[in-house]
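S.K.: Quick one: sequence and predicted model below, then my questions.
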Amino acid sequence: MGVLRAEELTYTALRALDATRTICFLPVSALEVHGPHLPLGMDYFMARWMAEETGRRFLADHPDWAVIQYPPLPLGTDELPLAGSMSVPQRTVYRAVVSHGRSLARAGFQYVVVTNGHGGPRHAAALEAACRTVSRKCGIQMFTPSIAVLHAIVSGRRFEELEGILGRSLTPEEREALVGGEHAGGWETAFMLAQNERLVEAGWKGLGPNGPPSFRAIEEITRRSGTWLERLGLVGEEYHEIGRALAGGIGWLLNTHYGYGGPAVSYQGNPSVASPELGHAFRELMVRDCLLQVEDVVFGGKPAMRVRSIASRAPMIQPWFWPRVAAVLLLVWALLHFA
């Protein structure tokens, strides 16, 4: 029957589906400034493409299943705070995805894949937390593999596979530029060159390495606390990686609003190393890894609750962490005050 578009289905057609052999894809990413050269819809395009291509390949391998593509939700938090970015509070993202998941569960669907192209820590944490909530409360398998897949690639752990797809070795310049945090850098510029080269502004080859200033207070707190926690065996390198991401995010926020560290920065990384060739290889690796995660859940018995990325490992960026901390502090105050 091919891939189905949710907005085109009638109620009769929907009821005729075997919901237990149907998989739904829901992209969730907002519009955000991506350097001077990439479109606002960079993350939106990536989330939608990941859903469509993964769904297409899933159906090709399992033609007895139905695949439904839902319209993308243009929602995101932790967007770069420059004019043009569309950002909402983290709990808005969380509540919206939970509500959509519950609706799909009420329709009888058992498998829901949320795709995402935005690496904002609190955005990714909100999506993963929402998927866990729906999976736990509604008894379905709802998960988002995107950040786990993307993080493995942009951290350099998938270079060997990437070179296999490219049919050549990465150059030293590419290896150096394609590791670490990025926003509108080599990876995303390459993706868009492969997706639609017309949407990339001329002059991108002249954009060299750049990035926001890191907020040193957070860096120092992370370094000191990490050293202490490592001695107790409670954390590893991921703790420092999350700390660096938070320091960079806060530094970027202060940079765009108050000029911290100099003029406003609109990208992080090195766009000049991008190429359509690299973009096609990146996309191929991304969809292969995403499909593996999907099939592990659908056919391999992996619980959706176990599909997590680095974004789910830091308590302070979870949707309900600070409200709960505030509630506990208020309770302690009340007990001490009225005792």
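M.R.: Cool, the structure landed.

S.K.: from here on, contacts and neighbour counts on C-alpha atoms
M.R.: OK.

S.K.: list the contacts for Leu270?
M.R.: Careful, residue 270 is Asn; it's not Leu. Asn270 makes contact with 177, 185-186, 207-210, according to C-alpha atoms under 8 Å, 6 or more residues apart in numbering.

S.K.: now the closest residue to it other than its chain neighbours: how far from Ala124?
M.R.: Take Asn270 and drop its neighbours on the chain: the residue closest to it by C-alpha to C-alpha, 6 or more residues apart in numbering is Pro209, 4.3 Å away. For Pro209, the distance to Ala124 (C-alpha to C-alpha, to the nearest Å) stands at 25 Å.

S.K.: quick one, which of the two is more surrounded?
M.R.: More neighbours surround Ala124 than the other of Pro209 and Ala124, with 33 against 15 (other C-alpha atoms under 10 Å).

S.K.: Now that one: which helix or strand?
M.R.: Assessed by DSSP states H and E, Ala124 sits inside helix 121-138.

S.K.: So which elements touch that helix?
M.R.: With contacts taken as 3 or more C-alpha pairs under 8 Å, 6 or more residues apart in numbering; DSSP states H and E, helix 121-138 sits against helix 90-106, strand 141-143.

S.K.: Mind listing what's buried along the longest one?
M.R.: Spelled out, that is helix 90-106. 90-94, 96-98, 101-102, 104-105 (16 or more other C-alpha atoms under 10 Å).

S.K.: That one - contacts with which helices or strands?
M.R.: The contact analysis (3+ C-alpha pairs under 8 Å, 6+ apart) places helix 90-106 against helix 121-138.

S.K.: same question, the shortest one
M.R.: Contact here means 3+ C-alpha pairs under 8 Å, 6+ apart; on that basis strand 141-143 packs against strand 111-115, helix 121-138.

S.K.: Tabulate the ones you listed (JSON lines), appending distance to Asn270.
M.R.: Listed next are these as JSON lines, based on distance: least, C-alpha to C-alpha, whole Å:
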{"stretch": "strand 111-115", "distance to Asn270": "25"}
{"stretch": "helix 121-138", "distance to Asn270": "21"}
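
S.K.: okay, the buried residues of helix 90-106 in JSON lines with pLDDT next?
M.R.: Converted to JSON lines, these look like this (pLDDT from 0 to 100):
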{"residue": "Gln90", "pLDDT": "96"}
{"residue": "Arg91", "pLDDT": "96"}
{"residue": "Thr92", "pLDDT": "97"}
{"residue": "Val93", "pLDDT": "98"}
{"residue": "Tyr94", "pLDDT": "98"}
{"residue": "Ala96", "pLDDT": "98"}
{"residue": "Val97", "pLDDT": "98"}
{"residue": "Val98", "pLDDT": "98"}
{"residue": "Gly101", "pLDDT": "98"}
{"residue": "Arg102", "pLDDT": "98"}
{"residue": "Leu104", "pLDDT": "98"}
{"residue": "Ala105", "pLDDT": "98"}
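
S.K.: Closest to Leu331 out of the residues you listed?
M.R.: Arg91 (22.4 Å; C-alpha to C-alpha).

S.K.: just checking, the closest one touches Pro319?
M.R.: Yes. Using C-alpha atoms under 8 Å, Arg91 is in contact with Pro319, at 5.7 Å.

S.K.: what do these two both touch?
M.R.: With contacts taken as C-alpha under 8 Å, 6+ apart, Arg91 and Pro319 have Ala126 as neighbours in common.

S.K.: Pick out the most distant pair among the contacts of Asn270.
M.R.: Ala177 and Leu207 (12.4 Å).

S.K.: out of the two, which sits in the more crowded spot?
M.R.: Per other C-alpha under 10 Å, whichever of Ala177 and Leu207 has more neighbours is Ala177, with 23 against 17.

S.K.: mind checking how far that one is from Met46?
M.R.: 20 Å.

S.K.: try Ala126
M.R.: 18 Å.

S.K.: the more surrounded of these two?
M.R.: Neighbour count, other C-alpha under 10 Å: between Ala126 and Met46, Ala126 has more, with 28 against 24.

S.K.: wouldn't that one be in contact with Tyr94 here?
M.R.: Yes. Ala126 is in contact with Tyr94 according to C-alpha under 8 Å; the separation is 5.0 Å.

S.K.: Find residues that contact each of these two.
M.R.: Pro319.

S.K.: three-state assignment of Ala190?
M.R.: With DSSP: H, G, I helix; E, B strand; the rest coil as the basis, the three-state label of Ala190 is helix.

S.K.: which one is it nearest to, not counting chain neighbours?
M.R.: Closest to Ala190 by C-alpha to C-alpha, 6+ apart is Gly279, at 4.1 Å.
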